[in-house]
Structures are given as C-alpha cells and as structure tokens.
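> could you look at this predicted model? Sequence included:
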Amino acid sequence: LSYRGTTFGFPKCLIKSFTVDILNEKDEWESIYKTDANIDRYICKKINIKAKAVRFIAFSTYFSERLHETYGSAEAHLFAFEVF
C-alpha cells in the first residue's frame, strides 16, 4: 500500500479495523466507534457518553490480512488507551 506517495506503505502493526464499545446503563454493550480503514497512529475522539465500562476490540492490522506472506510480525501493539 502507498501512503501519501511514500514507498514504505503502512506499518505492519498498525491496527486497520477496530471498534470501541461501552457498557451502557442497561448493562448492554453498545458500539460507539468503528472503523475498517484506520490510517492514523494517534486517534483522539471526544465522546460524551456515560458508561459503566469501555472496551477496545482490534480485528485486523494491515499485515494480518496477508499472513501467508509472513516475514515479520502481524501482532498489534496498543500502547495506550485512555478514557477520561
């Protein structure tokens, strides 16, 4: 993949597809943010919702969809997930 004209493409460990869910006041998980084409390393979203819990679920990286070509790691490393 090319990113803004570069030759190196996206980092293999960049999370491409994920969702952020909240546990609402009815004790039901509700998806509040979802993407299948993330291109950012840093994402900051203001979501003004009351929640009992928050969860982040990663579905794929830019490399995990091509595991048969593996020459590196397809693991995603989430360094921070802040809720305040």
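Happy to help now that I have it. Numbering: from 1, shown residues only.
> what's the distance between the residue positioned nearest the centre of the chain and Lys50?
Among the residues of the chain, Phe18 comes closest to the average C-alpha position under Cα atoms, centre = their mean, at 3.9 Å. The gap separating Phe18 from Lys50 is 22 Å, by Cβ to Cβ, to the nearest Å. For glycine as for every other residue, the C-beta is placed from the backbone atoms N, C-alpha and C.
> what's the answer for Trp29, then?
14 Å.
> next, the buried residues of the worst-scoring helix or strand of the chain on mean pLDDT.
Ranked by mean pLDDT, DSSP states H and E, the weakest helix or strand in the chain is strand 53-61, scoring a mean of 90. By 16 or more other Cβ atoms under 10 Å, the buried positions in strand 53-61 come out as Thr61.
> and it, what does it pack against?
strand 15-23 (3 or more Cβ pairs under 8 Å, 6 or more residues apart in numbering; DSSP states H and E).
> pull out the buried positions in the helix or strand following the strand it packs on.
Downstream of strand 15-23, the first helix or strand assigned by DSSP states H and E is strand 29-35. Going by neighbour count (16+ other Cβ under 10 Å), nothing in strand 29-35 comes out as buried.
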